[in-house]
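**Q** turn this into a model:
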Amino acid sequence: MANAQPGFEQKAKKTAREERAIQARVEAKEKRSFQSEDEPQPQTGARPYPTPPLPTKHLKKPGKEADLTLQPMWDAPFYKGSGKLQDKVALITGADSGIGRAVAVLFAREGCDIAIAYLEEGEDAQITKRAVEKEGRRAILVPGDVADPRYAEAAVAKTVKALGALDILVNNAAFQEHTDAIEDLSYEHFDRTLKTNLYGYFNIAKAAVPHLKAGSAIVNTGSVTGIEGSKALIDYSMTKGGIHAFTRALSGSLIKKGIRVNAVAPGPVWTPLNPADKAGKDLAEFGAKTPMKRPAQPEEIAPAFVFLASPQTSSYITGEILPITGGY
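**A** Next comes the predicted model:
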C-alpha cells in the first residue's frame, strides 16, 4: 500500500518548500516595515491631538480646567452645526469643564440653549457660558451638588423658568479617586462616589422627567470602567456599571412617553477629572495603553452626545451604551 500512490512524498516536500518561501517573504517584509510598539500611532482626527507623556501637574478636587498645564481641546473648530438641536434646551451637569463643556459648545452650535450645572468651579463655568453665548445661544449657571435632591429640583426649575423648557438632560457630573486596595477604600470615599455618580444621576433625572415631552432625550455619561472594571477604581467602576444599567432600565420605563435614554461610555479622556485623581507616571502615561496610544480630547467625545440627543439622528435608538474607547 505504501507504493500504491507514488509521488505524494515528493509533492509534500515541494509544498513544504513553498510554505517556507511564503514565510520568508512575509517575515522579510515585516522586518523592513517593523514599527516599534513605543512609537505613537498615526493621528486620526481633524487636527493633531497630544500623546503621552502628558504633564504631571496634580490638581486639587474638584479640579479646575483653568489650572491644567495642557489645556483640553473642547472647541471643535472643524465641527459645523446643522440645526440638529434647533431651539431646544439642555441641562448639562458637570458642564463647567471637560466633556461637559465640549458637549455644551456643540449643543449650542446645533441651536440649543444650555443650563450649565457644576459644583463650585465658577471660573471654568464662566468660560463655558461665554463659549455657548459665542455660538449665539443663551446660557445660565446653576451651581450646586447633584447629590442633593433639593438642588436637582431647583436646577430643573431654574432651567425651565429661565430658558422656557427642558428638552435634553445630560447627566455627566462625576467623582473619581483611586485606591490601591479595597481595604483602603473608606466608607466616606465610597459614599461620596455613589452619592455623586448614582444618586446624582437619579436625582436630576427624577426632577427632569416631568418636564420632558415626546421627542426629548436623556444622555448619561458612563465609562469603559463600567464595562471592563478598573482595579484602582473599584467604587467608580461600580457606579459606572450602575449608570449603564440605569440607562437601560430607565429607557424601558420612559419610551412609552416618547423619551429616549442612552449613554456614552468613554475610555480615557483628558479632562480635569484625571489630573485631580492621578499623579506622576500614571498621569504622564494616561491613555497610552489604548490602541491609539493616547487619551481622547473632549471634542472627540462630544459629537456622540449630539448624535444621541438629536431626534434627527437617533430617533430609533434607546437603551444603548455607546463605547468610545480609542480601540479595543
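
**Q** show me where the stretch 101-250 of the chain has its helices.
**A** Remark: helices assigned in the stretch 101-250 of the chain by DSSP state H, counting those that start in this stretch are 122-134, 149-163, 187-194, 200-208, 225-228, 234-254.

**Q** for the third one, packing partners?
**A** Pointing back at helix 187-194 there. Packed against helix 187-194, as judged by 3 or more Cβ pairs under 8 Å, 6 or more residues apart in numbering; DSSP states H and E, are the following elements: helix 234-254. For every residue, glycine as well, the C-beta is placed using N, CA and C.

**Q** and the contacts of the helix it packs on?
**A** Defining contact as Cβ atoms under 8 Å, 6 or more residues apart in numbering, one finds that helix 234-254 is touched by 171, 174-177, 179, 182, 185, 189-190, 193-194, 197-198, 201-202, 205, 209, 212, 218, 220-223, 225-227, 229-230, 260-263, 265, 318-319, 321.

**Q** of those residues, buried ones?
**A** Buried by 16 or more other Cβ atoms under 10 Å: 171, 174-177, 179, 185, 190, 193-194, 197-198, 201-202, 205, 209, 212, 218, 220-223, 225-227, 260-263, 265, 318-319, 321, out of the contacts of helix 234-254.

**Q** among these, which lie within strands?
**A** 171, 218, 220, 221, 260, 261, 262, 263, 265, 321 (DSSP state E).

**Q** for residue 95, see how far away the first one is.
**A** Residue 171 sits 11 Å away from residue 95, taking Cβ to Cβ, to the nearest Å as the criterion.

**Q** likewise for the second one?
**A** In this structure, residue 218 and residue 95 are separated by 15 Å, where distance is defined by Cβ to Cβ.

**Q** low pLDDT regions in the stretch 151-300 of the chain?
**A** Low-confidence segments of the stretch 151-300 of the chain, defined by pLDDT under 70, span residues 278.

**Q** returning to that earlier point: which of the helices of the stretch 101-250 of the chain has the highest mean neighbour count?
**A** Highest mean neighbour count of the helices of the stretch 101-250 of the chain: helix 200-208, a mean of 23 (counted as mean count of other Cβ atoms under 10 Å).

**Q** report the backbone C-alpha coordinates of that one in PDB.
**A** Output of helix 200-208 as PDB, limited to C-alpha atoms (Å, rounded to 0.1, in the frame of the first residue of the first chain):
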ATOM      1  CA  GLY A 200     -26.800  62.500  41.300                       C
ATOM      2  CA  TYR A 201     -28.000  60.900  38.100                       C
ATOM      3  CA  PHE A 202     -31.100  59.600  39.700                       C
ATOM      4  CA  ASN A 203     -31.900  63.000  41.400                       C
ATOM      5  CA  ILE A 204     -31.600  65.000  38.300                       C
ATOM      6  CA  ALA A 205     -33.400  62.500  36.100                       C
ATOM      7  CA  LYS A 206     -36.300  62.300  38.600                       C
ATOM      8  CA  ALA A 207     -36.600  66.100  38.700                       C
ATOM      9  CA  ALA A 208     -36.300  66.500  34.900                       C
END
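
**Q** tell me which two in the ones in strands among the buried ones among the contacts of helix 234-254 are the farthest apart.
**A** For those, the maximum inter-member distance is 16.6 Å, found between 260 and 265 (Cβ to Cβ).

**Q** give the contact list for residue 273.
**A** By Cβ under 8 Å, 6+ apart, the residues touching residue 273 are 63, 98, 174, 176.

**Q** swap in residue 12?
**A** Going by Cβ under 8 Å, 6+ apart, residue 12 touches no other residue.

**Q** that one belongs to a helix?
**A** Yes - under DSSP: H, G, I helix; E, B strand; the rest coil, residue 12 sits within a helix.

**Q** what's the spacing between the most centrally placed residue in the chain and residue 78?
**A** Relative to the mean C-alpha position of the chain, the nearest C-alpha, by Cα atoms, centre = their mean, is the one of residue 266, at 3.3 Å. To residue 78, residue 266 is 20 Å away according to Cβ to Cβ.

**Q** which strand residues bridge the residue nearest to the centre of the chain?
**A** Here residue 266 sits in beta bridges with residue 324, as judged by DSSP bridges.

**Q** right, and it touches residue 297 too?
**A** No - under the contact definition of Cβ atoms under 8 Å, residue 266 does not touch residue 297, with a separation of 10.9 Å.

**Q** nearest spatial neighbour of residue 279, skipping sequence neighbours?
**A** Closest residue to residue 279 apart from its sequence neighbours, by Cβ to Cβ, 6 or more residues apart in numbering: residue 58 at 4.3 Å.

**Q** confirm that neighbour sits in a helix?
**A** No - Residue 58 sits outside any helix when classified using three-state DSSP, being coil.
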